[in-house]
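Colleague: Okay, sequence plus prediction incoming.
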Amino acid sequence: MLTGAHRRDAGIAELEREMARAKREGESMALAFVDVDGLKRTNDSLGHAAGDQLLRETAYSIRAHLRSYDLIIRYGGDEFLCALVGVTREDAVERFSLVNADLTATRQASVTVGLAELEAEDAVEDLIARADEAMYKERQQ
């Protein structure tokens, strides 16, 4: 069984393969850095089982609004990375607005999403850093 760190490493390796494929085929790719809003507050007030349920529901909502072959990686405690090959940043904004609408309607929960588009010279760390920075800018707004 893979531990959380090993799953994350395997996910990053898959992200690198997706980036290489998109570059090779000249396709666009959007990377979303998704932060689950209020997870710490949920854990503190309702317990870790409720926090785990919030993470599961968030993952289900993301999966429901992305394509079956889009890459979703649990990146950190309350963070996911989602790679969408053949999708522009603008299209990704629409998809993640549906995720937020779903979470708000079913759970009064939300996510903050930062998006970055793949550039020819990007290494995986560059793309993740830009998406992370975009997420922090979204959170500040």
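Modeller: It's in. Numbers count the residues shown, from 1 in each chain.

Colleague: burial count for Ser68?
Modeller: By the measure other Cβ atoms under 10 Å, the count of residues near Ser68 is 5. C-beta here means a position set from N, CA and C on the backbone, and glycine is covered the same way.

Colleague: How much space separates the residue most central in space within the chain from Met19?
Modeller: Nearest to the geometric centre of the chain sits Leu81, at 3.2 Å (Cα atoms, centre = their mean). Leu81 is 12 Å from Met19, where distance means Cβ to Cβ, to the nearest Å.

Colleague: which SSE is the residue nearest to the centre of the chain in?
Modeller: Element membership for Leu81 (DSSP states H and E) is strand 79-85.

Colleague: quick one: low-confidence ranges for this protein?
Modeller: 1-5 (pLDDT under 70).

Colleague: ok, which stretches of it are strands?
Modeller: If DSSP state E is used as the criterion, the strands of the chain fall at 29-36, 71-76, 79-85, 111-117.
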